[in-house]
Structure formats: structure tokens, C-alpha cells
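> pasted the sequence and its predicted model underneath.
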Amino acid sequence: MAEEELPGVLILDIGGTHGVLENLAALLKKHFCLITMKEFLENKKDMSKKIQSVFVFECRPTIDRELLESLPNLKVIGNSGVGVDHLDLKMISTFGVKVTNTPHAVADPTADIGMALMLASARRLVEGKVLNLPGS
């Protein structure tokens with residue numbers, strides 16, 4: 001499928017402080033034409049028609065009425081996180097746009113880290129490691 005045929009997805013940026021991770025962007029590029037917020041703002045007239053999805057990564061870009069009004073072909077907002085409390089679902093639904101999220105994506109790793117921290121604190125592993133450092 002040529003890049004022109006791929007549906008456009010709006011993202012804040014690739015890399016940097018708040019952008020989509022580069023390896024995730026590479027995966028998205030297989031299925032979408034990535035359009036950064038900067039590219040969108042520089043050429044709203046042409047880009048707005050291409051964008052069918054917005055990928056929200058770390059609560060960015062901010063989804064507000066102005067953005068939704070400028071995206072006439074928007075079908076879905078994909079949130080890469082567990083909660084959607086940062087999104088105004090009622091307002092978004094008035095535009096006929098669906099919202100998705102990944103509620104179970106980090107459940108197992110979170111439980112693993114929680115167990116590791118409890119075991120480490122119960123056995124004072126961190127203190128033992130710090131006290132036995134060479135040169136301390």
C-alpha cells in the first residue's frame with residue numbers, strides 16, 4: 001500500500017520530550033501516514049482532510065473542540081494508556097468520533113514491579129546493596 005493510501009494519523013511529534021517513541025512510530029508507519037502536530041498546523045487546509053485518527057501518547061496532543069472541528073474526517077482517537085479521564089468523552093462523541101485505550105497493556109508489568117518492590121523492601125535488598133558497595 002502506498003503512503004498516499006494509508007490513513008493519516010495525527011501525533012504530537014516523534015521522539016523528544018513528549019513525542020511518540022521512535023520504535024513505536026516505526027510500527028505506526030507500517031499502517032498509517034504519520035502527521036505531526038507541527039506539520040498539521042503549518043498546512044491545516046490540506047492535512048485536515050487526510051487525518052482519520054489521532055494517536056494520544058502521554059496525554060498529548062490535547063483533544064479540544066477546536067481540534068475536532070478542524071478534522072472533518074476524524075473517526076477514532078487512540079489513547080495509548082489505561083485511563084481516558086483526560087479526554088472529554090461526551091464532547092468527542094458529539095463529533096461521531098470513537099475513543100479507544102489499552103486498559104490491560106501494563107497490568108502484568110505493574111504487578112511484577114509491585115511484587116519486586118515489596119520483596120526488596122521486606123528483605124532490605126536495596127540497603128544491603130548500598131552498604132556493600134566497594135569504596136563506601
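On my side now, so go ahead. Numbers count the residues shown, from 1 in each chain.

> in stretch 48-62, which residues are buried?
Neighbour counts using 16 or more other C-beta atoms under 10 Å place Ser48, Lys50, Ile51, Gln52, Ser53, Val54, Phe55, Val56, Phe57, Cys59, Arg60, Pro61 of stretch 48-62 among the buried residues. Every C-beta, even on glycine, is put in place using the N, C-alpha and C of the backbone.

> let's have those in TSV, adding secondary structure.
TSV is the format used below for the buried residues of stretch 48-62 (DSSP: H, G, I helix; E, B strand; the rest coil):
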residue	secondary structure
Ser48	helix
Lys50	helix
Ile51	strand
Gln52	strand
Ser53	strand
Val54	strand
Phe55	strand
Val56	strand
Phe57	strand
Cys59	coil
Arg60	strand
Pro61	coil
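
> now for the residues you listed, which pair is the farthest apart?
Lys50 and Cys59 (23.5 Å; C-beta to C-beta).

> tell me where this protein is predicted with low confidence.
Low-confidence segments of the chain, defined by pLDDT under 70: 1-4, 128-136.

> re earlier: of all the buried residues of stretch 48-62, which comes closest to Met37?
Pro61 (5.4 Å).

> you'd agree that closest one is up against Leu41?
No: the pair Pro61 / Leu41 is not scored as a contact, 10.3 Å apart, by C-beta atoms under 8 Å.

> between those two, what contacts are shared?
Contact criterion C-beta atoms under 8 Å, 6 or more residues apart in numbering; residues shared by Pro61 and Leu41: none found.

> list the contacts of the helix or strand harbouring Asp112.
Element membership for Asp112 (DSSP states H and E) is helix 107-122. With contact meaning C-beta under 8 Å, 6+ apart, helix 107-122 is reached by Leu125, Val126.
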